[in-house]
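Trainee: Quick check, what structure comes out for this input:
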Amino acid sequence: MALGQKCQSGLWRSPRPADGVYTSLGAFKGVYSGSNTTGKQIKIYALGGNPPPKKINFGNSDNCVNTFSLVASVGGYTVANSVDGNSQWNKSGSISFDVPDGSAFSVISNGMMAYGCDYGTFTVFRYQ
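Mentor: Sure, this is the predicted structure:
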């Protein structure tokens, strides 16, 4: 028996994540891929999406750090998208989406790559 496990139906099991709790899944650059194995539908939040600072000369885009890009997919379908390539003011984005039990999901931040910017960084949270 590992620490924190409980006997359920004669087997030692780790407890499922508690309901009504936000859990940080971490900070990522470019892509985060996950799978919902909680036994319930969850909500995912992604915040940020900014690439590192880099001066570029492309229309309204003159500094990559002031732009952001966040795109989410569940089971291969795009379910959330937030992008702003205008770099006149500092900004960041956020998206949220539901993930059914057993489904794979991903968050991608690469919307400014065509302009010479790097992948964006973002933080991911799960709510159950």
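Trainee: Show me which helix or strand of the chain is least confident by mean pLDDT.
Mentor: strand 11-13 (a mean of 67; mean pLDDT, DSSP states H and E).
Trainee: So for the next helix or strand after that one, what gets flagged as buried?
Mentor: Downstream of strand 11-13, the next assigned helix or strand under DSSP states H and E is strand 22-29. Residues of strand 22-29 classed as buried: Phe28 (neighbour count, 16 or more other Cβ atoms under 10 Å). The C-beta positions use only the backbone N, C-alpha and C, and glycine is treated the same way.
Trainee: which residues touch Ser33?
Mentor: Ala104, Phe105, Ser106 (Cβ atoms under 8 Å, 6 or more residues apart in numbering).
Trainee: give me every residue that touches Ala72.
Mentor: Ile44, Ala46, Thr78, Val79, Ala80, Asn81, Ile95, Phe97, Phe105, Ser106, Val107, Ile108.
Trainee: go with 7 Å
Mentor: Ala46, Val79, Ala80, Ile95, Phe97, Phe105, Val107 (Cβ atoms under 7 Å, 6 or more residues apart in numbering).
Trainee: Cool, thanks, talk later.
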